[in-house]
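*Asks:* Provide a 3D model corresponding to the input given below.
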Amino acid sequence: MKKTILYAAALAFVMLSSSPFVFAQKPKEKPTTAESDSTKKKDDKKEPKSFEKFIKDAEKGQKGLFTIYNQDEKYFFEIPDSIMGRDIIVVNRISRSGVDLRSGFSGYAGDQINENVIRYEKGPNNKVFMKRISFSERSKDSTQAMYTTVMKSNIQPIAAAFDVVAFGPDKESVIVDMTSFINDDNDIFFFSPRYKQVLRLGSIKKDMSYIDTVKTFPTNTEIKTVKTYGRTAPPGVSGAAAAAMSSGTATLELNTSMVLLPKVPMQGRYFDSRVGYFTVRYTDFDLNPQGVEHKSLITRWRLEPKEEDIEKYKRGELVEPKKQIVFYIDPATPEKWVDHLIAGVNDWQAAFEQAGFKNAIVGKRAPTKEEDPEWSLEDARYSAIVYKPSSIPNASGPHVNDPRSGEILESHINWYHSVMTLLRNWYFIQASPNDPRARKMEFDDDLMGDLVRFVSSHEVGHTLGLRHNFGSSAAYPVDSLRSAQFVKEHGVAPSIMDYARFNYIAQPGDGISGSDLYPKINYYDKWAIEWGYKLIPEAKSRDAETPTLNQWILAKAGDPKYWFGTESNPDDPRSQSEDLGDDSMLASEYGIKNLQRIVPNLMEWTSTANKGYDNLEELYGEVVTQFNRYAGHVTKNIAGIYETPKTVEQEGPVYELVPAEKQQRAIDFLNANIFTTPEWLIDYSIYNRIGQDPVDRIGAVQQRVVTRLLSAGTLDKLIKAEIQDANAFGVEDLFNGLEQGIWSNLRSSDIYKRNLQKAYVSSLIELLSPPKERTGSYGRINIDPTESDITSIARGHLAELQRKVGSAASGRNVTGYHFRDLEKRISAALNPEG
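*Replies:* Numbers count the residues shown, from 1 in each chain. Coordinates of the predicted model:
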């Protein structure tokens, strides 16, 4: 019965509601505001609005790479279809920073904090995806099956997704809301995770962060934001200490540059290990039909003749490039250094002339706001030398490049204020015996200006793609660097890209002073620019260039002025920093003679009225550091291996042992100048003013040499050298040489010699056990001495030492106590359970 009544009621309702003449119909309920907004948002996501309905004032849109509309406190980007799928490089920098935020070389205004390549692509359901692009694996020919296979294994990750909120006015573009992405924290537009860790930046504080400006230009869009982050504890700190160091905030102004990469990448040029260029690396699946090849392209600017000058260029006439390389000087730079920095840039013009281009590079003052209101130091269209008010004495020349081709797009050279302190110290220590201008604590502006120009040229060289050439300084015979005529004609070294600072070999009376004491852009630099930048018009691909490039190198092979020595070779004594000449022993002897001239004058030359002895302490420390460098230059010859990269067209080996005679001379030098106490360096009139003692400082130099000579790496190379060549300098030659300098006279022993002997014994004892760390310098795997003859040799030599010191361990004096102590140490090491 109940069922029938419900059915009848339902039927009556249907009949009533379907009747056209209803007078008592119940009105529909209006949706709540929340329901209405939710429905509206769903509808908006499904169907983008027309341009006319969405954009309130199209005239206010900024036109450029993207057209930017700022309305309703949001930033909308209009992305044209022509940009979809194009590669865009995103470069992020600090615009303004806080003094308490800095960490070492990081945290300064102008620092690059991240770099990515992105693409915008249309997706389903009216979405636009931002993809992060990698070029680490490549296959060129899209018609080949290999290309398809590589692409299947290289899907590019989606970094962000955006709803299309409206179509452009001509339906050939879409509009997306970028506000949240810019306001949030992400590793596309802002800090890389590594850089955040360095600066101890935690999560973003949204209520204390905001978008400052968004500006767009034809090929780039610049976004400036203010970001506030919580602080985190340094790595390795935990517990209460971590909690205490995690308080507070850090606020920075950041600049994000989005730069459209060329639609057609520049033709890349393959790297050759015989010429020092920075590179972009990738794995190539096309070149080797039976495998893969790991390839590198050099980084270089795109220099091309103007269309009307191509034939002139082919004929060998100098032409101006389509686009000049321009470096602007940061407006914050002290005025008195501006012209010297500009000169350091312009000095490279002669190098580019060898590549066929005139006026290829120029330094300029930054334009004023009146001259160019749009110019900005953070704008990725402009390269600059950025002045940083830092106490860190340094300068560096990084650059941003197109990862597809190696094309350098822009560079911001970091110029730290205190680099001038570094220059003063270098020049004081290496040149003051020959240049009276260097015998004081504040150099005249003309001298400092020359030194600023020198460093400017070096850093600009890096931004042109050139790496350090640590082999260049070994090109000239040592005694030639004492010839005023030779130095005037050939310079201090063939390359400014070496760390050949100043001519410490020249002696007073040689007639070498002033500009002849410092390096300049020279033979190697000009040739390296020619090799990297000279066009080969007939070569239509980078593979087609290789034979010509190889011939250019072969034409210079055998001439040490054009040899490249990498900065990362731990075995080749020709490739060293801070050295000069082809003979480390002779060069270091001259260098020590000049240090011996400086030490007696230190108190006078460092004296400054109304000040204490900080200058004396600093410059004496520089003397010891330079002395340590000379010791290191010589030590690298022992167990040294020359490395000269070659192609099969060149005769002779790539690797050669340093001649035994040269290694023996190195041992003789160390015995005479390092292991024999350097009395000339011990001046208590200095130590009593700086509150230090010579024992530790000089002992550190001596012990550093012993530790290197008795390392597993050195002994391993000497053992293998004897296998290769019976006449090679071997392990016994090393121990016999060290015995003459360290153990020959056990009756006469000062504190320096005793500490040196302790370090010697400790080094041998360490060779009785496996290494404490798996990796060592240059990322090499540390040798386990227990798995080779090294431990056997160390054990046998310790046993001989035990007998030797045992016979000398008599007398109730410090020498006797010292030898009895050594005997106990050796005994405990050889018989740990006894």
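
*Asks:* got the domain ranges for the protein?
*Replies:* With domains defined by automatic domain parsing, the chain comprises 2-42, 48-260.

*Asks:* contacting residues for the residue nearest to P600 when sequence neighbours are not counted?
*Replies:* Leaving aside its sequence neighbours, P600 sits nearest to D683 (CB to CB, 6 or more residues apart in numbering; 7.6 Å). Every C-beta, even on glycine, is put in place using the N, C-alpha and C of the backbone. By CB atoms under 8 Å, 6 or more residues apart in numbering, the residues touching D683 are 599-600, 602.

*Asks:* who wins for neighbours among those?
*Replies:* L602 (21 neighbours; other CB atoms under 10 Å).

*Asks:* thought that one was touching S685?
*Replies:* No. Counting by CB atoms under 8 Å, S685 is not a contact partner of L602; they are 9.4 Å apart.

*Asks:* picking that back up, can you put the contacts of D683 in a markdown table and add pLDDT and distance to I719?
*Replies:* Below are those laid out as a markdown table (pLDDT from 0 to 100; distance: CB to CB, whole Å):
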| residue | pLDDT | distance to I719 |
| --- | --- | --- |
| V599 | 98 | 40 |
| P600 | 97 | 45 |
| L602 | 97 | 44 |
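
*Asks:* about what we covered before: quick one: closest of the domains of the chain to Y642.
*Replies:* domain 48-260 (33.2 Å; CB to CB).

*Asks:* that closest one: end-to-end distance?
*Replies:* 26 Å (CA to CA, to the nearest Å).

*Asks:* for the record, mean pLDDT for it?
*Replies:* What domain 48-260 shows for mean pLDDT is 87.

*Asks:* also stretch 316-332?
*Replies:* 96.

*Asks:* buried stuff in it?
*Replies:* Neighbour counts over stretch 316-332 (16 or more other CB atoms under 10 Å) mark 318-319, 321, 325, 327-330 as buried.

*Asks:* tell me the most buried of the domains of the chain?
*Replies:* Of the domains of the chain, the one with the most neighbours on average (mean count of other CB atoms under 10 Å) is domain 48-260, at a mean of 16.

*Asks:* ok now it, how far from the chain's centre?
*Replies:* Relative to its chain's centre, domain 48-260 lies at 24 Å (CA atoms, centre = their mean, to the nearest Å).

*Asks:* pull up the gap between the residue positioned nearest the centre of the chain and S383, please.
*Replies:* With the centre of the chain defined as its mean C-alpha position, the nearest residue by CA atoms, centre = their mean is P398, 6.8 Å away. Counting by CB to CB, to the nearest Å, the gap from P398 to S383 is 11 Å.

*Asks:* okay, and the common contacts of those two?
*Replies:* 411-413, 463.

*Asks:* among the residues you listed, which lie within helices?
*Replies:* Using DSSP state H, the members of the shared contacts of P398 and S383 that fall in helices are T463.

*Asks:* now distance to Q724 and secondary structure too, for the buried residues of stretch 316-332, in a markdown table please.
*Replies:* Formatted as a markdown table, the buried residues of stretch 316-332 follow (distance: CB to CB, whole Å; DSSP: H, G, I helix; E, B strand; the rest coil):
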| residue | distance to Q724 | secondary structure |
| --- | --- | --- |
| L318 | 50 | coil |
| V319 | 52 | strand |
| P321 | 50 | strand |
| I325 | 48 | strand |
| F327 | 49 | strand |
| Y328 | 55 | strand |
| I329 | 54 | strand |
| D330 | 54 | coil |
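
*Asks:* if we can go back for a sec, same list (the domains of the chain) but as a markdown table, adding distance to E618.
*Replies:* Shown next, in a markdown table, are those (distance: least, CB to CB, whole Å):
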| stretch | distance to E618 |
| --- | --- |
| domain 2-42 | 66 |
| domain 48-260 | 20 |
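
*Asks:* doesn't Y642 lie inside a strand?
*Replies:* Yes. Counting by DSSP: H, G, I helix; E, B strand; the rest coil, Y642 falls inside a strand.

*Asks:* pretty sure it is in contact with Y655, am I right?
*Replies:* Yes. Using CB under 8 Å, Y642 is in contact with Y655, at 6.9 Å.

*Asks:* more neighbours: which of these two?
*Replies:* Legend: neighbour count by other CB under 10 Å for Y642 and Y655, higher for Y642 (19 against 12).

*Asks:* got a list of what the more buried one touches?
*Replies:* Counting by CB under 8 Å, 6+ apart, Y642 touches 572-574, 655-658.

*Asks:* I719 now?
*Replies:* By CB under 8 Å, 6+ apart, the neighbours of I719 are 730-731, 788-790, 793.

*Asks:* P653 too?
*Replies:* So P653 contacts T644 (CB under 8 Å, 6+ apart).
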